[in-house]
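Novice: dropping a prediction and its sequence here:
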Amino acid sequence: MGKNYDLIVIGSGTAAMVGAMRVRAAGRTVAVVDFRPYGGTCALRGCDPKKMMISGASAVDHAVRMCGKGVAGDVRIAWSDLMAFKRGFTDPVPDKHEARYEEKGIDTYHGRARLTGPNSLEIDEERLTFENLLIAAGAEPVTLGIRGEQHLVTNEGFLELDRLPRRVILVGGGYIAAEFSHLAARAGAEVTILQRGDRLLPQFDADVVGWLMDSFRRLGVDVRLETTVERIEAEGDGFKVHARAPGETFSIDADLVIHAAGRRPALADLGLDAAGIEHDDGRLALNGYLQSVSNPAVYAAGDAAEVGPPLTPVSSHDAKVVAANILNGNAERPNYLGVPSVAFTLPPIARVGMTERQAKDEGLHYRVQSRKASDWFTSRAAAEPVYGFKVLVEDGTERVLGAHLVGPNVDEVINLFALAIRHGLTADDLKATMFAYPTGASDIGSMLG
Ligand SMILES: Cc1cc2nc3c(=O)[nH]c(=O)nc-3n(C[C@H](O)[C@H](O)[C@H](O)COP(=O)(O)OP(=O)(O)OC[C@H]3O[C@@H](n4cnc5c(N)ncnc54)[C@H](O)[C@@H]3O)c2cc1C
Ligand SMILES: NC(=O)c1ccc[n+]([C@@H]2O[C@H](COP(=O)([O-])OP(=O)(O)OC[C@H]3O[C@@H](n4cnc5c(N)ncnc54)[C@H](O)[C@@H]3O)[C@@H](O)[C@H]2O)c1
């Protein structure tokens, strides 16, 4: 039998790093395993590289908006330079992360972990046993079950392109489609979004998304709603994408077709059954402590657990909960109150807390402050006409229930609403706070009425 560890962590992303470090700090023996380079989705294939690329798109977008308002001359994205800028951040990540584990005395393994029993797994030829296991294996793109699926490029492929092709299609209309379409269109591609749902970004407030749609039109992104992709055919150097919309079927030619149709926990090849880990429809069956209901040695966190929204701060939060439960016995449950979320379109859209539907369903009495605010100073100073908000405040208690924002700086301003929601600050508390002027935050008082 191979080495035994107090904790083995499957994955090397955000959840893995936080969980492994905390358990190791308490003096336990810990090993981490990943079959990809160390660092996980956020640092290597998601949030960070995407944001580096969007920095370039955002600079160009700002210059274009200011054109004729005191800024002159052409600016454009130089894709390969922008990619090099991104790689300047991502390339060192795997070595840095692995070194951090090693410095702390955490053993690192490379390969695909496969469970072989309730307390054992193998990585290629190596056999290991554990007192506890943390499944932090993240998520992977859903399988669409369509012909030609193999032609789809995932987020990973898109964020590694040496050259951006001319005609780009995004299959799906959530976060990835919204963010990648703005980046690709600003970099000069002809972009089409084929979204099965009846609007883009269903995770965000419908009215606020409605205001954001002006930016898609301005960028020339062709958005087709209620459209399901049925088949992708290779044709010449490119592809023909066949889709169905109400009352019609049609096809569009493209040089690149990107998967933006959702992700699900990456559990398929883990060997869950061999370890007696109950799962249903691709999801782990977990109790309120993020522990397997059928194998008490096993916990899960982040995208693999999919208990909270699949976002980086949630992965980190889950891992803290799991580490505490492993070290001290089950006592902590995750608390997702006031988790903010931003889609980094140009401009960004953000949300935190309840939607109107959720507040209604909970029978709460509340007021809504909402308007398009293109005439406000923030909007005018940024030369960005897309600016608006919807804020929900509970009658009587004055608790902030939810905030939904679009426009300049809202990716930062949303964090102040998150602070208020998570820590029970009232609308009056926020209004009594002096925010530096003129900043995005200095609009909060007016948003609250
Ligand atoms: C394009 C994109 C952009 C995003 N942007 C944002 C953003 O701006 N803000 C935000 O909050 N969130 C964003 N997210 C979501 C965020 O990246 C994830 O929620 C977060 O990274 C999940 O972290 P994790 O630790 O749970 O899993 P991951 O970071 O995905 O780590 C899982 C690791 O497990 C490994 N693994 C899987 N199976 C095995 C196995 N059997 N053996 C060994 N290793 C295995 C994988 O290789 C992977 O490295 C984005 C996601 C994508 C795809
Ligand atoms: N800024 C961020 O925080 C950020 C950015 C990117 C990704 N992410 C995370 O990654 C996850 C995955 O992102 P995503 O954009 O792939 O998924 P998503 O769940 O946001 O959106 C997927 C969309 O694809 C549509 N769809 C599904 N199948 C389709 C088909 N066959 N044809 C046409 N449309 C189809 C669905 O209607 C859905 O709206 C998100 O849930 C999010 O948590 C976060």
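Specialist: It's in. Note that the structure is predicted; figures quoted are calculated from it, not measured. Numbering: from 1, shown residues only. Ligands and ions are numbered 1, 2, ... in the order given.

Novice: what residues does the stretch 151-300 of the chain put near ligand 1?
Specialist: Applying C-beta under 6 Å from any ligand atom, we find that the stretch 151-300 of the chain lies next to ligand 1 at 155, 176, 266, 269-270. Any C-beta I mention is one placed from the backbone N, CA and C, and that applies to glycine too.

Novice: give me that answer again for 5 Å
Specialist: 155, 266 (C-beta under 5 Å from any ligand atom).

Novice: in the stretch 101-250 of the chain, what residue is nearest ligand 1?
Specialist: Residue of the stretch 101-250 of the chain nearest ligand 1, by C-beta to the nearest ligand atom: Gly138 (2.2 Å).

Novice: can you report how many residues neighbour whichever residue of the chain sits closest to ligand 2?
Specialist: Distances between the chain and ligand 2 by C-beta to the nearest ligand atom are smallest at Gly174, namely 1.9 Å. Counted with other C-beta atoms under 10 Å, the neighbours of Gly174 add up to 20.

Novice: could you do Glu230 as well?
Specialist: 15.

Novice: skipping adjacent residues, who's closest to it in space?
Specialist: For Glu230, ignoring the flanking residues on the chain, the nearest one in space by C-beta to C-beta, 6 or more residues apart in numbering is His242 at 5.2 Å.

Novice: export the longest strand along the chain to PDB, keeping only CA atoms.
Specialist: When the chain is scanned for its longest strand (criterion: DSSP state E), the result is strand 126-135. Output of strand 126-135 as PDB, limited to C-alpha atoms (Å, rounded to 0.1, in the frame of the first residue of the first chain):
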ATOM      1  CA  GLU A 126       0.700   5.300  -7.600                       C
ATOM      2  CA  ARG A 127      -1.700   4.200  -4.800                       C
ATOM      3  CA  LEU A 128      -2.500   6.500  -1.900                       C
ATOM      4  CA  THR A 129      -4.800   6.300   1.100                       C
ATOM      5  CA  PHE A 130      -6.500   9.100   3.000                       C
ATOM      6  CA  GLU A 131      -8.300   9.900   6.300                       C
ATOM      7  CA  ASN A 132     -10.100  12.700   4.500                       C
ATOM      8  CA  LEU A 133     -10.600  13.600   0.800                       C
ATOM      9  CA  LEU A 134     -11.500  17.000  -0.600                       C
ATOM     10  CA  ILE A 135     -13.000  16.900  -4.000                       C
END
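
Novice: so that strand, near ligand 1 or not?
Specialist: No: Strand 126-135 stays clear of ligand 1 (C-beta under 5 Å from any ligand atom), getting no nearer than 8.5 Å.

Novice: returning to that earlier point: can you point out the buried residues in the helix or strand containing the residue nearest to Glu230?
Specialist: Element membership for His242 (DSSP states H and E) is strand 238-245. Residues of strand 238-245 classed as buried: 238-244 (neighbour count, 16 or more other C-beta atoms under 10 Å).

Novice: can you name the next helix or strand after it?
Specialist: Downstream of strand 238-245 (by DSSP H and E), the next one is strand 248-254.

Novice: ok, that next one: who's next to it in the sheet?
Specialist: strand 238-245 (antiparallel) (DSSP bridges).

Novice: give me the contact list for the strand it pairs with.
Specialist: 148, 151, 165, 167, 169, 171, 194, 224-233, 249-257 (C-beta atoms under 8 Å, 6 or more residues apart in numbering).

Novice: same thing with stretch 148-168?
Specialist: With C-beta under 8 Å, 6+ apart, stretch 148-168 has contacts from 45-46, 49-50, 53, 79-80, 83, 86, 141, 143-144, 171, 176, 180-181, 184, 187-192, 231-234, 238-239, 253-260.

Novice: show the average pLDDT along that stretch.
Specialist: Throughout stretch 148-168, pLDDT has a mean value of 98.

Novice: likewise for stretch 277-286?
Specialist: Per-residue scores along stretch 277-286 average to 97.

Novice: just the CA coordinates for it, please, in PDB.
Specialist: This file holds the C-alpha atoms of stretch 277-286, laid out as PDB (Å, rounded to 0.1, in the frame of the first residue of the first chain):
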ATOM      1  CA  ILE A 277     -19.900   8.400  -2.800                       C
ATOM      2  CA  GLU A 278     -23.500   9.000  -3.600                       C
ATOM      3  CA  HIS A 279     -24.300  11.300  -6.600                       C
ATOM      4  CA  ASP A 280     -27.300  12.100  -8.600                       C
ATOM      5  CA  ASP A 281     -27.500  13.500 -12.200                       C
ATOM      6  CA  GLY A 282     -23.900  14.500 -12.200                       C
ATOM      7  CA  ARG A 283     -24.000  16.200  -8.700                       C
ATOM      8  CA  LEU A 284     -22.500  15.000  -5.400                       C
ATOM      9  CA  ALA A 285     -25.000  14.300  -2.700                       C
ATOM     10  CA  LEU A 286     -23.700  16.500   0.200                       C
END
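
Novice: which parts of it are buried?
Specialist: For stretch 277-286, by 16+ other C-beta under 10 Å, it's 277, 279, 284, 286.

Novice: what about those, which are in helices?
Specialist: Using DSSP state H, no member of these falls in helices.

Novice: how close does Gly145 get to Ala261?
Specialist: In this structure, Gly145 and Ala261 are 11 Å apart, going by C-beta to C-beta, to the nearest Å.

Novice: which one of those two has more residues nearby?
Specialist: Of the pair Gly145 and Ala261, Ala261 is the one with more neighbours under other C-beta under 10 Å, namely 23 against 6.

Novice: and Asp143, how many residues sit next to it?
Specialist: Careful, residue 143 is Thr and not Asp. 11.

Novice: residues in contact with it?
Specialist: Glu149.

Novice: pretty sure it belongs to a helix, no?
Specialist: No: counting by DSSP: H, G, I helix; E, B strand; the rest coil, Thr143 is not part of a helix but coil.
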